[in-house]
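# model the structure of this input:
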Amino acid sequence: MASKAAQKRLSKEYINMQREPPPFVWAAPDEKNILTCEFTLRGPPDSPYAGGEYHGVLLFPAEYPFKPPGIKMYTPSGRFQPDKKICFSMSDFHPGTWNPAWSVATILTGLLSFMLSDEMTTGSVTSSDSHKRTLAAKSHSFNLIQARFREAFPDYCTPTLKDLPNMGEQERGKPDTPSTSTLQPANAALSPNPSTLAVPMPQLVLRRTPGAPLQLAMNAGPAIPELHNPITHANKPPVPQGWAASWREVIWEKWRWGVLIALAVIVSKISSAY
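Now for the predicted structure:
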């Protein structure tokens with residue numbers, strides 16, 4: 001029975017694998033026992049296992065992640081003995097080299113890398129590349145008649161081999177390039193069609209009205225036809241434009257402050273006279 005730590009850790013790892021599947025591997029936990037994890041590997045291109053589908057199992061201890069799992073492969077590959085535990089650095093043959101930070105994705109990626117090497121160990125066999133290719137071509141047919149594979153991977157029990165979520169794409173997550181049919185022409189803003197009219201994004205600008213405090217206003221950018229301008233109203237007050245308007249604002253401010261200062265001086269003299 002899985003400990004709470006193992007249950008929590010494995011559940012999180014399976015979710016992470018679904019979000020970011022590693023290349024050429026996939027895993028499916030047993031619904032009745034989360035410590036048993038069925039997996040399938042795909043042979044990478046340019047290898048003797050290209051086109052191959054290899055089914056196996058990870059057998060986690062209750063103390064996971066503090067102890068490593070046992071690993072078996074069922075599909076004949078010419079590299080490992082079917083249904084026999086495999087000895088490598090991430091398996092239960094080497095608890096001393098186990099790192100608790102390793103995950104299901106890490107183990108399966110490491111197993112695939114080990115499969116592509118020629119290192120001999122417990123559970124491995126020696127065969128020629130041509131024999132590996134022959135077994136790779138027969139692997140999917142072999143898996144389809146295995147009840148354990150059909151139960152673990154029903155979505156992959158198809159007449160032809162179905163790709164895993166990640167088949168080693170180099171640029172995962174790159175957004176699709178928009179088709180030319182959806183691109184707007186460069187002069188779309190001049191089109192008389194309202195559906196293609198380009199409306200500039202509004203911006204915040206400072207605006208001062210004579211006799212009123214400084215305010216923030218929305219600047220709609222370059223002028224657009226009145227018919228399609230949603231922020232133009234008949235009763236909108238005119239806004240001063242150009243350098244002449246700026247000088248009028250400056251003169252008005254100076255004159256207003258001059259009158260206020262003059263009144264203050266007069267009031268002060270009258271007060272001192274009394």
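
# give the rounded mean pLDDT of stretch 26-34.
Across stretch 26-34, the average pLDDT comes to 94.

# give the buried residues for it.
Neighbour-count burial for stretch 26-34 flags 26, 27, 28, 29, 34 (criterion: 16 or more other Cβ atoms under 10 Å). Any C-beta I mention is one placed from the backbone N, CA and C, and that applies to glycine too.

# and the closest residue to the second one other than its chain neighbours, bridged to which residues?
Using Cβ to Cβ, 6 or more residues apart in numbering and skipping residues adjacent in sequence, the residue nearest residue 27 is residue 39, 4.6 Å away. The bridge-partner assignment for residue 39, based on DSSP bridges, gives residue 27, residue 56.

# is it correct that residue 39 is in contact with residue 105?
No. Between residue 39 and residue 105 there is no contact under Cβ atoms under 8 Å: 10.3 Å.

# and the two? which has more neighbours close in?
Legend: neighbour count by other Cβ atoms under 10 Å for residue 39 and residue 105, higher for residue 39 (23 against 17).

# contacting residues for the more buried one?
Contact analysis of residue 39 by Cβ atoms under 8 Å, 6 or more residues apart in numbering lists 25, 26, 27, 28, 55, 56, 57, 58, 108.

# the same query, at a cut-off of 10 Å, please.
By Cβ atoms under 10 Å, 6 or more residues apart in numbering, the contact list for residue 39 reads 25-29, 54-58, 71, 73, 104, 107-108, 111-112, 152-153.

# joint contacts of residue 39 and residue 105?
Common neighbours of residue 39 and residue 105, counting by Cβ under 10 Å, 6+ apart, are 25, 27.

# tell me how far the residue nearest to residue 27 lies from residue 129.
24 Å (Cβ to Cβ, to the nearest Å).

# cool, residue 262 as well?
Taking Cβ to Cβ as the measure, residue 262 falls 103 Å from residue 129.

# ok, now residue 110?
22 Å.

# which of the two has more neighbours?
For residue 110 and residue 129, the more surrounded residue by other Cβ under 10 Å is residue 110, and the numbers stand at 16 against 11.

# looking at it, residue 6 is touching residue 36, isn't it?
No. In this structure, residue 6 is not within contact of residue 36 by Cβ atoms under 10 Å, at 11.9 Å.

# output the below-cut-off pLDDT ranges for the stretch 101-250 of the chain.
The model of the stretch 101-250 of the chain has pLDDT under 70 over residues 170-250.

# what about 50?
Across the stretch 101-250 of the chain, the ranges flagged by pLDDT under 50 are 170-240.

# give me the neighbour count for residue 111.
If we define neighbours as other Cβ under 10 Å, then residue 111 has 23 of them.

# hang on, it in a strand?
No. Read with DSSP: H, G, I helix; E, B strand; the rest coil, residue 111 is helix and lies in no strand.
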